[in-house]
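> sequence plus the predicted model coming up.
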Amino acid sequence: DVKVTQSSRYLVKRTGEKVFLECVQDMDHENMFWYRQDPGLGLRLIYFSYDVKMKEKGDIPEGYSVSREKKERFSLILESASTNQTSMYLCASINPGPYEQYFGPGTRLTVT
Amino acid sequence: RKEVEQDPGPFNVPEGATVAFNCTYSNSASQSFFWYRQDCRKEPKLLMSVYSSGNEDGRFTAQLNRASQYISLLIRDSKLSDSATYLCVVNYNAGNMLTFGGGTRLMVKP
């Protein structure tokens, strides 16, 4: 079974803090994604990566950056957390062909 | 206009009922279509792919209508365990990116 893990299930940070969310997948997938999910807005793509050291902006990249130093690891960085970044963050990797995305369990981030 | 639109619900149905969800998409160049299921406070998981000819998996039937640009999911003989949010997902063949609808919430009551 594909496994996508995220470093934390719940996180509470203060406004202005730098926040790192880590994601690791064990299926050697090239493509990895970071989404946020908010009530009424659904899943929105923040950034994705199709290879090591490669990244592309998604629909809502402002206030975020990413890092992909190794194929299995994709990190999301909030340089200076703000209250409007309180959300559920979901990492995913994709199995090309059937395009099935495997999601991590999510990190519920609260910025106070 | 959202690229993938769904009625958010909730759909409240009794056990044993048949329920159907529709989803519309705006990009006629869409290539692949899926239904994902998301339980409360859990991550989305693939329920089934949707093929042009329609496909069935047990109590679940998915249909695609390219002319009208909509996808449907039919659940027969609803179970309590079917209670979840169902996400309609479209691939526009732009790499491996998927676009998600906002989800339709189903609540099956005893």
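The structure has been received and is ready for your questions.
> what's the helix or strand for the spatially most central residue of chain A?
Nearest to the geometric centre of chain A sits A:Trp34, at 2.9 Å (C-alpha atoms, centre = their mean). Assessed by DSSP states H and E, A:Trp34 sits inside strand A:32-38.
> likewise B:Tyr86?
Element membership for B:Tyr86 (DSSP H and E) is strand B:84-91.
> which SSE is immediately downstream of that strand?
The C-terminal neighbour of strand B:84-91 among helices and strands, as given by DSSP H and E, is strand B:98-100.
> re earlier: in its sheet, what does the strand holding A:Trp34 sit against?
Strand A:32-38 has the following strand partners under DSSP bridges: strand A:42-49 (antiparallel), strand A:87-95 (antiparallel).
> confidence score at the closest residue in space to A:Gly58 that isn't next to it in sequence?
Once its chain neighbours are removed from consideration, A:Gly58 has its nearest residue in A:Leu45; the separation is 3.2 Å (C-beta to C-beta, 6 or more residues apart in numbering or on different chains). C-beta coordinates here come from the backbone N, C-alpha and C atoms, glycine included. The pLDDT attached to A:Leu45 in the predicted structure is 93.
> ramachandran coordinates for B:Asp57?
Dihedral angles phi and psi of B:Asp57 (degrees, to the nearest 10) take the values phi -140, psi 90.
> pretty sure it sits against B:Met48.
Yes. Contact status for B:Asp57 versus B:Met48: in contact at 5.2 Å, counting by C-beta atoms under 8 Å.
> of these two, give the one with the bigger neighbour count.
B:Met48 (18 against 11; other C-beta atoms under 10 Å in any protein chain shown).
> show me the strands in the chain, by range?
I went with chain A, as the question did not name one. If you assign secondary structure with DSSP state E, the strands in chain A sit at A:4-6, A:10-13, A:19-25, A:32-38, A:42-49, A:56-57, A:64-70, A:73-78, A:87-95, A:100-103, A:107-111.
> let's do chain B instead
Using DSSP E, the strands of chain B run over B:4-6, B:11-14, B:19-25, B:32-38, B:45-50, B:55-57, B:60-65, B:70-75, B:84-91, B:98-100, B:104-109.
> weakest of those by average pLDDT?
Averaged per stretch, pLDDT over these is lowest on strand B:98-100, reaching a mean of 88.
> quick one: strands adjacent to that one?
So strand B:98-100, judged by DSSP bridges, has these partners: strand B:84-91 (antiparallel).
> count residues in the vicinity of the spatially closest residue to A:Leu78 that is not a sequence neighbour, would you?
Of all residues not flanking A:Leu78 in the chain, A:Val19 sits nearest, at 4.1 Å (C-beta to C-beta, 6+ apart). Under the neighbour criterion other C-beta under 10 Å, A:Val19 is assigned a count of 20.
> picking that back up, give me the residues contacting the strand holding B:Tyr86.
Taking contacts as C-beta atoms under 8 Å, 6 or more residues apart in numbering or on different chains, the residues outside strand B:84-91 that touch it are A:42-43, A:99, B:3-4, B:6, B:21, B:23, B:25, B:27, B:30-40, B:44, B:47, B:71, B:73, B:97-106.
> which among these count as buried?
Buried positions within those, assessed by neighbour count (16 or more other C-beta atoms under 10 Å in any protein chain shown), are A:42-43, A:99, B:4, B:6, B:21, B:23, B:25, B:30, B:32-38, B:44, B:47, B:71, B:73, B:97-106.
> show me what contacts A:Thr83?
A:15, A:111-112.
> got a winner among those residues for most neighbours?
Across the contacts of A:Thr83, the neighbour count under other C-beta under 10 Å reaches its highest value at A:Val111, namely 19 neighbours.
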